[in-house]
Structures are given as C-alpha cells and as structure tokens.
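**Student:** would you be able to build a 3D model of this:
(one chain, ligands or ions: 1)
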Amino acid sequence: MTMCPDASPTHYTNPFFYGKASVSPALSIESLRTRQPLLWLNPALSPVAEVGAPLPLGLEDIRTADALLRRWAPALTEWFPELLATQGVIESPLVRLSDPPAVLRTKMPGNVWIKQDHALPVAGSIKARGGIFEVLTIAEDIMAKEGQAWTTPLAPLQPALRRRFADYTVSVGSTGNLGLAIGMMGSALGMNCVVHMSRDAKDWKKRRLRDRGVIVIEHDGDFAAAVAAGRSAARQEQRHYFVDDERSRSLFLGYATAALRLREQLAEAGIVVDPGHPLFVYLPCGVGGAPGGIAFGLKQVFGDAVHGFFAEPCASASMLARFMTGVPEISVHDVGLDNVTEADGLAVGRASEFAYAMVRELVSGIFTVRDDDMFRYLYRLRTTQGIAIEPSAAAGFAGPAMLWDTAEGRRYLDERNLRPVLAQATHLLWTTGGALVPAGEYQRFFDRGQALAAKHEAATR
Ligand SMILES: Cc1ncc(COP(=O)(O)O)c(C=O)c1O
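**Tutor:** Residues are numbered from 1 along each chain as shown. Reported below is the predicted structural model:
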C-alpha cells in the first residue's frame, strides 16, 4: 500500500485535509471513527465544464459502450430468455416511491423515484452493468485476436466461436455481486470462469456460481485481498483476462451507460432535469466503480443539474476516507475502522484510485449509514412498496434526510440556492442488489429490519 511517510490515524485530524475553510471543522477523521452517520460535502466539487483534471473518458465513450451492448442484444436473448421482453437490453425499471415519508422518515420536498438495479436481469445487481459489459468487451477482443468477424447478429452463438472462447479464462475478485455477473456472462459464452471471493461473500452466491461450472476460490481476506490474489493468479497464465474492480476502465464505462438509459426513462416518465428541476442521486458505494461510473455518466448527460451523493457503511467508509485525507490507497483500517458490515457489497476497505480520480470534482458529497438503518429501510420498503432488496442496496435511502435534516445538507442546498426549486426536484434512490437473494436469507433481513423499526418507533413515540 502506498501511504504518506508520516501517515498515522492521528495524522488525519488536521483540518488542512478538507481543502477549504468553509467545510465544517466538526467533520474530521475523528468523526468517522465514532461510526456515527455523517454527511461530508466535497470541497472540490466543480461545474462539469470546469473540471480541472483532463479525464480519460467522455460522452462519446459512453455512447460507444452502449452500442457494444446493443450489438450483443440478439445473442443475449438466446442465452437469457428473460431478456426477450427488452430485446436483449439489460435494463431495470424506474418506479415512483408512493409514500416517501413512510420509508425515508423525512419530509424533503420533491418527488422520490427508485432506479431498481436490484432487479437488473441476469445477475440481479448494479454490478451486472459493468461486469457484463467488460466480459463482452473481452469477447470482442478474443474475436479480433482469433480473426473471427461478426458475420450475423448471432455470430457469438456459433459453435466454432464458442470453442475459441473455451480456450480463454476470465477471472475476478469480488465481494459477491461482481463475481455473479462475470460468472453468469463468462459461462454463457463458454469461457472458463474463476471468481476469487472475499470473506464477506454470501454462501448462496458461491453456490449459484458453482452450479454454473464457475470455479470459486474462497479467501480469508477482505475485498482488496481477493482482488490482489486474483490479479496475481491471472498474471501466471496466457489467455487469461482479469476483471480488475479497482482499476478497470471497461467496468466504469459499463456502469456509465446507465445514464443514457435513464435519460430515456426520465423522459418517458415526464421528468424534466435542468437547473430548475434538479436531480439528486443517492448511490451505494463500495470500491466506487459502480456509483462513480453512474455519477460520471449522469454528469456528462445532464451537467450540473445532477447532484450525486455516495452512501457508505459507517465501518467501510473507504471512498470517504480517500476524499477526506487525500491519501492515495488509504484503507479504512488506517483511520480506525474495521470494515465489518452486513452490507456485503459495500464491505470494501480501500477505494478504487481510478474511480476516485474520475469523480473527484464531480461527486457532491458522501454520507455514512449505520447497518441498523439499512435494515430499517429494507423493511419499510418491503412493507410500503412491496420491493425486496439486500442491505447494501438500502444505503442510499438515508440521502434525502441527510440533505434536509442536517446542517451540512442545508448548507449544500443554501450555497447552491436550491431551496426555491426543491419542490420540482427529483430524488433518485438507486437500489443496487437483491432480486436473487434466496427467500430464507431475505426473511432474516426482513425480520431484523422489522425488529429494529419497532424499537425505533417505540423510542420516538
Ligand atoms: C449491492 C451492491 N451495491 C453497491 C455496490 C457498490 O459498487 P462498487 O463496489 O462498484 O462501488 C456493490 C458492489 O459490489 C453491490 O454489490
């Protein structure tokens, strides 16, 4: 790990690291260590047109990525019949949250919608966006190497081509959901698939992959350790592609295509996004690729009318630690956190440097969420709206209250003069995983959320 020579947990208490004097001095690395939920505003946030660092990707790259996905759509319907209804396009529904205060326990003005990536076909999580795109990119790379051109829209289904794919291995390090996406897509193509699972990965995800013939290697370490092990194993072999969740540009682009799709869905729903109709987006964050790609894409599409906030578990605030300290590759352990959370998809101790660099000036802020609160949101969403999600996917639900009911949130709204347009605002909660969770496992989440909600209601009555 790369660290500043004199870096130590106490080193970060220096408010210098916040960059700008206007940031509340109460928000220090010490505040992270208390594990109390907090909202941190990004002092480096800049208008899209004024982002200082030249970024290696732009809207044209996102369009090209979307075109690749559409090229594969006919073949995808053959492997995954659930995609017939959308003609091979892997997309999730956008629905309105009917009674926001009942779920969110705040009266933030504006309309609240849910972008349901928990129900994304094929792999049931937001990671399918990047994972499937990257495997298809790899497949096209193999086709080019092997001199196999696209002869028909269904070319990838030809036995000769599948025999070529079988000579290659695709592998990944994961907390579970990215592994599912890579394993589902790679095995459909006939590639050899290896998934290095971190200790947080749930058993049902491993079983599901093994049932498809995927090799699952279990690691005692956390996400970073699983990625490192996978990376080094892949280096030993020829014809081996490693999907690197900490560094991949393809994964990032796959996530970013969501912005183009969302633009269509918002238009269909009659939702305007412009400076008079801001769009607040609340995205659960692990290593940062998925929320980073989506926030980046939305900024390219809608510009400064989008306000992107990331949500992290209190114990795994890796992207927040990266932003607050400015220290490359810092781990949550360096700031006194243990990275232990029930939100397995977000159990990441060290943020992606690539994702960080891409959104450094584009993300509005980051907030932290207690595990208990995620379970309460999960329970209330199910009882009021009938939607079942996994704990990680509920992290963003704290967003509206963070903006409306905290001093930092109000400061954000006031400094940008957003209060007068809040009634016309759209709040988008991005539910990032859950559709494939087995019923028994989900019931345990639900029971825990129910007990916590009852306790909370009794205490606040
Ligand atoms: C359900 C869920 N939500 C959110 C995320 C966060 O994505 P990222 O790790 O790219 O930040 C993950 C990552 O695995 C996830 O599984």
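**Student:** around the residue in the stretch 51-200 of the chain that the ligand sits nearest to, how many other residues sit close by?
**Tutor:** Residue nearest to the ligand within the stretch 51-200 of the chain (CB to the nearest ligand atom): Asn177, separated by 3.4 Å. In this view, the C-beta of every residue, glycine as well, is placed from N, C-alpha and C. Residues contacting Asn177 under the criterion other CB atoms under 10 Å number 29.
**Student:** measure it to Gln265 for me?
**Tutor:** Asn177 sits 22 Å away from Gln265 when distances are taken as CB to CB, to the nearest Å.
**Student:** and the most far-flung residue of the chain relative to its centre, what does it touch?
**Tutor:** Most distant from the centre of the chain: Ala160, at 35.9 Å, with distances by CA atoms, centre = their mean. Counting by CB atoms under 8 Å, 6 or more residues apart in numbering, Ala160 touches Gln148.
**Student:** following the helix or strand where it lies, which helix or strand comes up?
**Tutor:** Using DSSP states H and E, Ala160 maps to helix 159-165. Where DSSP H and E defines the elements, the next helix or strand beyond helix 159-165 is strand 169-174.
**Student:** which other helices and strands contact that following strand?
**Tutor:** helix 127-145, helix 177-189, strand 192-197, helix 223-235, strand 240-243 (3 or more CB pairs under 8 Å, 6 or more residues apart in numbering; DSSP states H and E).
**Student:** quick one: mean pLDDT over that strand.
**Tutor:** Strand 169-174 shows a mean pLDDT of 97.
**Student:** is the ligand contacted by that strand?
**Tutor:** No. Figure legend: strand 169-174 not in contact with the ligand (CB under 6 Å from any ligand atom); closest approach 7.0 Å.
**Student:** outside of that strand, which residues touch it?
**Tutor:** 127, 131, 135, 138, 178-180, 182, 186, 191-198, 201, 223, 226-231, 233-234, 237, 239-245.
**Student:** any of those residues buried? List them.
**Tutor:** 127, 131, 135, 138, 178-180, 182, 186, 191-198, 201, 223, 226-227, 229-231, 233-234, 241-245 (16 or more other CB atoms under 10 Å).
**Student:** buried stuff in stretch 206-216?
**Tutor:** When burial is assessed from 16+ other CB under 10 Å, stretch 206-216 yields the following buried residues: Lys206, Arg208, Leu209, Val214, Val216.
**Student:** could these be laid out in JSON lines, adding distance to Ser318, pLDDT and secondary structure?
**Tutor:** As requested, those are exported to JSON lines (distance: CB to CB, whole Å; pLDDT from 0 to 100; DSSP: H, G, I helix; E, B strand; the rest coil):
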{"residue": "Lys206", "distance to Ser318": "24", "pLDDT": "96", "secondary structure": "helix"}
{"residue": "Arg208", "distance to Ser318": "27", "pLDDT": "95", "secondary structure": "helix"}
{"residue": "Leu209", "distance to Ser318": "25", "pLDDT": "96", "secondary structure": "helix"}
{"residue": "Val214", "distance to Ser318": "27", "pLDDT": "97", "secondary structure": "coil"}
{"residue": "Val216", "distance to Ser318": "24", "pLDDT": "97", "secondary structure": "strand"}
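**Student:** among those residues, which one lies nearest to Thr86?
**Tutor:** Thr86 lies nearest to Arg208 out of the buried residues of stretch 206-216, by CB to CB, at 22.4 Å.
**Student:** got a list of what the residue lying closest to the closest one once chain neighbours are set aside touches?
**Tutor:** Nearest residue to Arg208, sequence neighbours excluded (CB to CB, 6 or more residues apart in numbering): Leu180, at 6.7 Å. By CB under 8 Å, 6+ apart, the residues touching Leu180 are Ala123, Gly124, Ser125, Lys127, Ala128, Gly131, Ser174, Lys205, Arg208, Leu209, Leu436.
**Student:** which bits of the stretch 51-200 of the chain sit near the ligand?
**Tutor:** Ser125, Ile126, Lys127, Thr175, Asn177, Leu178.
**Student:** and the furthest pair within these?
**Tutor:** Using CB to CB, the two most remote members of these are Ile126 and Thr175, lying 12.5 Å apart.
**Student:** what's the burial count for Val287?
**Tutor:** Using other CB under 10 Å, Val287 has 30 neighbouring residues.
**Student:** quick one: pLDDT of the residue farthest from the centre of the chain?
**Tutor:** Looking at Ala160, its pLDDT is 89.
**Student:** state the distance from it to Glu140.
**Tutor:** 16 Å.
**Student:** paired strands for the longest strand along the chain, with orientation please.
**Tutor:** In the chain, taking DSSP state E as the definition, the longest strand is strand 306-313. Strand pairing for strand 306-313, determined by DSSP bridges: strand 279-284 (parallel), strand 365-369 (parallel).
**Student:** so what touches the first one?
**Tutor:** Going back to what we said before, that points to strand 279-284. When contacts are defined by CB under 8 Å, 6+ apart, strand 279-284 is touched by residues 110, 126, 266, 273, 290-291, 294-295, 298, 302, 305-312, 343, 345-346, 392-400, 403, 425-430, 432.
**Student:** pull out the buried members of these.
**Tutor:** Buried by 16+ other CB under 10 Å: 110, 126, 266, 273, 290-291, 294-295, 298, 302, 305-312, 343, 345-346, 392-400, 403, 425-430, 432, out of the contacts of strand 279-284.
**Student:** which ones among those residues lie within strands?
**Tutor:** When DSSP E defines the strands, the subset of the buried ones among the contacts of strand 279-284 inside them is Val306, His307, Gly308, Phe309, Phe310, Ala311, Glu312, Thr426, His427, Leu428, Leu429, Trp430.
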